[in-house]
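In: Show me the folded form of this:
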Amino acid sequence: MRSLSLTLPALAGATFLALAARPAVADDVVSMEFQGFGPAGLHVLTTHTVIEETPAAYIIQGDFETAGLGAVFANVANRSLAEGREVADTPKPVMFDSETDRNGAVQHLSVKFKPDGVPDGSVSPPPKEPVTPVNYNQLPGTVDNLTAYLMLERQVARGGGCGLRVPVFDGRHRYDLQFSDGGRHILSPAEGQNFTGDTQVCRMVRTAIGGFYVDKNHEEGASSGTIWYATQLMPGDLAVPVRMEMETEIGNVALFLAKLRGRGVDLKLMD
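Out: All right, here's what the predicted structure looks like:
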């Protein structure tokens, strides 16, 4: 789950305007649905990701929405879109757009990533409470959070492991995502998910740099987590997150891949 607005592998919905504007062969599109559970196995979150890749470009869309007990702690819904190009087989973002409704307050983030590597970002409306500053010198070379996870998933699929640090800017928040190897692990069925298999474990830690609330009681997004990636579920250079555990603003959330479709694969792992 790339976002919880800030980091979870941001996971996109079935209505995708960008794809309508840019038709693709069905197997060029990979879609995933995740179900999230909190304390005592209570359902707290549903999230989706849609990734379209061509030799020259990519589009990623994500959405999530809290439900049940999760909405009691924080009623949050998000939709995000990233578009980018391929440069020497490396994803380079062109634009990022995200809208989050947090307890009825809607905030829109937007970034245009210019060819010189310096992003032009905006936030509307501005935060109502003080946030930590973002220095201009901290922005060159950043990417959006959706592209950050695409970079990781390709690296894992190609056998490169999880070791990766990605500088991220989403129009307001500047942070680093630090990924590290957690070894190999064979998963067994759990929480109604029918999956058994070998996975690569990746640890994630978010280092907040700027744009975050000064008041730590207003924590946003996911600050750390663990992701179990499967590399054999579908052909191509995309590792699939089968399970995730994220420390988020609504507490610890365990996410399970429920549906996976694309590149000749059509799996339903949860009812």
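
In: quick one, helices of the stretch 1-150 of the chain?
Out: 17-21, 69-73, 145-157 (DSSP state H, counting those that start in this stretch).

In: Among the ones you listed, show the one with the smallest mean pLDDT.
Out: Least confidently modelled of those is helix 17-21, at a mean of 34 by mean pLDDT.

In: Could I get the contacting residues of Gln200?
Out: For Gln200, the contacting residues are Val156, Gly161, Cys162, Asp181, Arg184, Trp228, Tyr229, Thr231, Ala239, by Cβ atoms under 8 Å, 6 or more residues apart in numbering. Where you see a C-beta, it was placed from the backbone N, CA and C, and this is true even at glycine.

In: which ones among those residues are found in helices?
Out: Residues from the contacts of Gln200 lying in helices, with DSSP state H as the criterion: Val156.

In: May I see the contacts of Gln200 organised as JSON lines, with distance to Asp89 and neighbour count added?
Out: Conversion of those to JSON lines gives the following (distance: Cβ to Cβ, whole Å; neighbours: other Cβ atoms under 10 Å):
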{"residue": "Val156", "distance to Asp89": "15", "neighbour count": "26"}
{"residue": "Gly161", "distance to Asp89": "18", "neighbour count": "14"}
{"residue": "Cys162", "distance to Asp89": "19", "neighbour count": "21"}
{"residue": "Asp181", "distance to Asp89": "22", "neighbour count": "14"}
{"residue": "Arg184", "distance to Asp89": "26", "neighbour count": "10"}
{"residue": "Trp228", "distance to Asp89": "25", "neighbour count": "25"}
{"residue": "Tyr229", "distance to Asp89": "19", "neighbour count": "22"}
{"residue": "Thr231", "distance to Asp89": "18", "neighbour count": "18"}
{"residue": "Ala239", "distance to Asp89": "16", "neighbour count": "26"}
